[in-house]
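Asker: Got a predicted model here, sequence first, then my questions.
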Amino acid sequence: MVKNKGLAILSYITLIGWIIALVLNFQKKDQFVSFHVRQYLMIMITGIVLMFVAGLLSFIPFIVLIAQIALLILWLMGLVSAIQGNKSEVPIIGSYGQKWFKSL
């Protein structure tokens, strides 16, 4: 049984949930929560970058839709991993989140 599973799940539920999980995790560090906080941070950053790029490429009608679907899939994969009590990195970007945000 994974401790603080609820906090890891909360980190995927809106920006406010992520902030709450981040703050509570700073008070009492838990590796499982830290892992999922970093994963969702990377998903959020990727979302910002993808939406910016999609905005620049808006002359291609389906590019925004593809970016949104890709983000939804990454978010669902992270959320399901937290629900199942696993520390599974999301594809492509997950390892970067773990490296770049070690201090979280």
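Answerer: Thanks, I have the structure now.
Asker: In contact with Gly97, which residues?
Answerer: Shown in contact with Gly97 (C-beta atoms under 8 Å, 6 or more residues apart in numbering): Arg38, Gln39, Leu41, Met42, Ile43, Glu89, Val90. Just so you know, the C-beta spots here come from the backbone N, C-alpha and C atoms, and that holds for glycine as well.
Asker: Could I get these in CSV, plus columns for secondary structure?
Answerer: Output for these, formatted as CSV (DSSP: H, G, I helix; E, B strand; the rest coil):
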residue, secondary structure
Arg38, helix
Gln39, helix
Leu41, helix
Met42, helix
Ile43, helix
Glu89, coil
Val90, coil
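Asker: Please report phi then psi for Ile92.
Answerer: Main-chain dihedrals, Ile92, degrees, to the nearest 10: phi 70, psi -50.
Asker: And Leu104, how close does it get to Ile69?
Answerer: Applying C-beta to C-beta, to the nearest Å, the value for Leu104 to Ile69 is 27 Å.
Asker: Neighbour count for these two, which is higher?
Answerer: Neighbour tally, Leu104 and Ile69, criterion other C-beta atoms under 10 Å: the higher count belongs to Leu104, 16 against 11.
Asker: how far away is the more buried one from Leu72?
Answerer: Leu104 sits 23 Å away from Leu72, going by C-beta to C-beta.
Asker: Between the contacts of Gly97, identify the one with the most neighbours.
Answerer: Neighbour counts for the contacts of Gly97 (other C-beta under 10 Å) peak at Gln39, which has 29 neighbours.
Asker: If anything else comes up later, I'll come back, but that's it for now.
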